Structures are given as C-alpha cells and as structure tokens.
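>>> Please work out how this folds:
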Amino acid sequence: EESEDWSRFITMSSLLPSSEQGTSLFFVKPAARVVLLCAPKMKKLGQKVVESCKSVVLGDIAWKKFPDGFPNIFVHNVEALKGSHVAFLASFGSAGEIFEQMSVLCSLQQYGPHSVKIILPFFPVGTMERVDKEGEIATARTLARILSSVPPCRGGPMDLIIYDIHALQERFYFGDNVVPVLESAIPLLKNRLKMSGGPSAWTVAFPDLGAYLRYHGMFKEYDTVICMKVRSGDQRKITVKEGNAKGKDCVLVDDMIQSGGTLIECGKALMALGAKTVSAFCPHGVFPKEAHKKFIGGPFTKVWISDSCPTQAEVVDGQGPFEVLSLAPLIASLIDVEPRRSGGPPPGLS
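Predicted coordinates for the structure are as follows:
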C-alpha cells in the first residue's frame, strides 16, 4: 500500500504548478532525448534520421481506420513523451492525411512533452499563395491557419520546419502557436557538387528570375546562368538572359518539379547553347500524372530530388537520370540534442 501511495504521489506531483514544486515549469525535468514520430509515408525517412543521430529514438503510431473510413489512431508508449523533445515528421499528400496527422499534433501537448518540432519537408500548396483574380482561393493561407491551430506545449509554441517553401513571404500566414523555420535542401546539392569538382567544375543555372532571386545567394562561389522565356510570334521559347553555358557542366536549380515542361525546355536550351552537360536539382519532385516519364531520354545527365515527397521519390529513384538525395542528415542536424560521437557532420554532409 505504501508503494501504491508513493506512486500516486509522484503522479500527482508532476501536475502541481511550479510555485508549489519549486521547479521552473513542472516537476518533470526535460529529458536529454528526442522521440521522433512519423506519418505513415515518412517511416523510411524517419528510420534514416534515427540512424544519423545519437539521442533520437523512433516512436510508434498505429495508423488505422474505423469501418466508416475515419481515422483510428493510437500512439504507443505515450509515457515516453513526458519531458521529452518530440519531433513529428509529417507528409501532407492529401486532405485525409492532413486530418489524420493534425489529430495527432493537436493531442501531443496533453502528454507533457517539453518541446515539439513539426517537420513538414514539403508544403504542398505553396504555389497557391496569392490570388490573381476574384474567386480564387489562396489555399496556402488556409493550410497555414490549420497548422497554426496546434496548441503550444510547456516549452512554448511548436517549431514548424519546412524545406524550400515556394514563397518566403508565406511565413507570415502562420499564427503565433507555431514558429515557421524555413530551411533548404541546397546543402545536399552543394555536397554532391563538391564531390565532383565544386565551383571550378560546375555552373549553376536558374530556369527563371524567380529561382535566381531565391537561390543565387547560396551559390556565390559558382558561375551562374539565368534562363528566361521570350515570346517569338505566337510561341514562347527559352533563352539565356545572363551568363555563359558554353562548354560548361550546368546544373539547373529550382524549388520543385511539377509537370517538368519548363525545366526540360531550359535543359534543351542550355545544350543548344553549347553546354557540355546539363543536370538539375529540385528538392520537391511532385510529378503529377507520371510526369517523371518526360525526363527519361531527355537532356539531363542527372536529376537530383530529395525524399520530401516520399511516394514519388521511391518511384523515380534509379530510373533514367533520377537520383534521390535524402533529407535525413539535414533533419538529424536540426533535432539531435547531443553531438555525434565522431564530432563530425551527419552522414551525407561530410
């Protein structure tokens, strides 16, 4: 009976306010560990992240459905979340997936984590960030509001980590319950270019002025080429606005590939202007309606994407010019609370 009374006391003490316990916030001190929870499509990426970390453990969520189709979700071992730093690796591929994962995110704080980081590698409605005519809906703002509805945890607002969001101004769509942290997958490309000659061997090209303004500051040590569309009669063609591609190994850089039409035309234009080879790097390979097939036999030596869109990345990896560069080392460097034993960068960023 004494043991049961003591256990009950510990449980109740953890709920007392700081003024009665003499601690900073709650009785439970923050644990020097991170629990990584994953959306169903993100489990493989989550396993890679854990392999790159020292202090991160993989949590377990059962993602099931009731007979009527609504989600039946169970988070195993929620006791381990108390006082821990929690990271949730999300993938918003459909409206149904958003509802499922938001159900978890809106419940995490009740299990007492010290902090929560939401990692959403791809913000899927980023291109719908503005309204050009009456009647259009800026769904990027809607999704930002949905994400901003998550309750804060004991450590304050949740961090929301997004890679290569389409428009930087979208950070201002989010409310005070989340802190948008806008990251980039460009270090993956720079590491790959470094392995094959670096700035002396590569010229970085941009398919339009928007991509140049977004990314050129990350490639100050590289020669650059800017492409643009010009009207020729009733047609539009790609030409080079600035820079010299002749005899160069060029890599086109943009944030995402949708249909891929513009990127392919840019690759053909650079080859026509004397480029030695043309490759491309776009963190988000969306490829609706099997658009990746357009790149098979096209002008590209390599097309690098990340695994931010996991289903598409799994389909294209190893096909034709495609190679997937995993976000795992970048995510690991953001959520690991202990330095690596080797003291060096995570695997993949050496």
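>>> pLDDT weak spots in the stretch 1-150 of the chain?
Scanning the stretch 1-150 of the chain for pLDDT under 70 picks out the ranges 1-31.
>>> what about the strands in it?
Chain-ordered strands for the stretch 1-150 of the chain, with DSSP state E, counting those that start in this stretch as the definition, fall at 34-38, 56-58, 61-65, 71-75, 85-89, 115-120.
>>> Of all the ones you listed, which one comes closest to T224?
Comparison of the strands of the stretch 1-150 of the chain against T224 by CB to CB identifies strand 115-120 as nearest, at 29.5 Å. C-beta here means a position set from N, CA and C on the backbone, and glycine is covered the same way.
>>> one step back: I'd like a version of the strands of the stretch 1-150 of the chain in JSON lines, one that adds mean neighbour count and distance to L327 as further columns.
Rendered in JSON lines, the data for the strands of the stretch 1-150 of the chain read as follows (neighbours: other CB atoms under 10 Å; distance: least, CB to CB, whole Å):
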{"stretch": "strand 34-38", "mean neighbour count": "24", "distance to L327": "13"}
{"stretch": "strand 56-58", "mean neighbour count": "17", "distance to L327": "14"}
{"stretch": "strand 61-65", "mean neighbour count": "13", "distance to L327": "20"}
{"stretch": "strand 71-75", "mean neighbour count": "14", "distance to L327": "24"}
{"stretch": "strand 85-89", "mean neighbour count": "25", "distance to L327": "10"}
{"stretch": "strand 115-120", "mean neighbour count": "24", "distance to L327": "9"}
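>>> Tabulate these in CSV, adding columns for distance to R236.
Written out in CSV, the entries for the strands of the stretch 1-150 of the chain read as follows (distance: least, CB to CB, whole Å):
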stretch, distance to R236
strand 34-38, 42
strand 56-58, 48
strand 61-65, 45
strand 71-75, 45
strand 85-89, 40
strand 115-120, 34
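>>> And those strands: which comes nearest M228?
Among these, the nearest to M228 by CB to CB is strand 115-120 (31.3 Å).
>>> what are the ranges of the helices in the protein?
Applying DSSP state H to the chain gives helices spanning 2-13, 18-21, 43-51, 95-105, 139-147, 186-195, 209-215, 261-272, 310-316, 328-335.
>>> and these, which is most packed in?
With neighbours defined by mean count of other CB atoms under 10 Å, none of those is more surrounded on average than helix 328-335, at a mean of 22.
>>> which one is K294 nearest to, not counting chain neighbours?
The shortest distance from K294 to any residue other than its chain neighbours is 5.2 Å, reached at G260 (CB to CB, 6 or more residues apart in numbering).
>>> List the contacts of the one you found.
Under the criterion of CB atoms under 8 Å, 6 or more residues apart in numbering, the neighbours of G260 are 287, 291-292, 294-295.
>>> Out of these, the closest to R33 would be?
Sorting the contacts of G260 by how near they are to R33, with CB to CB, puts F287 at the top with 36.9 Å.
>>> ok, the residue lying closest to the closest one once chain neighbours are set aside - contacts?
Spatial nearest neighbour of F287, chain neighbours left out: Q312 (5.0 Å); criterion: CB to CB, 6+ apart. Contacts were defined as CB under 8 Å, 6+ apart; by that measure Q312 touches 285-287, 292, 305.
>>> can you rerun that using 7 Å?
Contacts were defined as CB atoms under 7 Å, 6 or more residues apart in numbering; by that measure Q312 touches 285-287.
>>> now V286
Applying CB under 7 Å, 6+ apart as the definition, the contact partners of V286 turn out to be 256-258, 309, 312.
>>> Spatially nearest residue to it, not counting backbone neighbours?
In space, not counting the residues next to it along the chain, V286 is nearest to Q258; the distance is 5.2 Å by CB to CB, 6+ apart.
>>> which residues of the stretch 201-350 of the chain score low on pLDDT?
Counting by pLDDT under 70, the stretch 201-350 of the chain shows low-confidence ranges at 231-234, 338-350.
>>> now the strands: where do they sit in it?
Per DSSP E, counting those that start in this stretch, the stretch 201-350 of the chain has strands spanning 202-206, 223-232, 235-242, 249-253, 256-257, 277-281, 284-285, 303-306, 322-325. These are given in chain order.
>>> What count of nearby residues applies to I305?
One way to gauge burial is a neighbour count; for I305, by other CB atoms under 10 Å, it gives 27.
>>> Am I right that it is in contact with P321?
No - taking contact to mean CB atoms under 7 Å, the distance of 10.6 Å between I305 and P321 leaves them out of contact.
>>> wait, doesn't P310 sit right on G46?
No - counting by CB under 7 Å, G46 is not a contact partner of P310; they are 10.2 Å apart.
>>> quick revisit: from the contacts of G260, which is closest to Y212?
Proximity to Y212 was ranked across those by CB to CB; first place goes to F295, at 22.2 Å.
>>> Report the separation between the closest one and L36.
32 Å (CB to CB, to the nearest Å).
>>> Pull up the gap between the residue nearest to K294 and S308, please.
If you go by CB to CB, the gap between G260 and S308 works out to 16 Å.
>>> ok so, going back, quick one: closest of the helices of the chain to V251.
Using CB to CB as the criterion, the shortest distance between V251 and those is 7.0 Å, found for helix 186-195.
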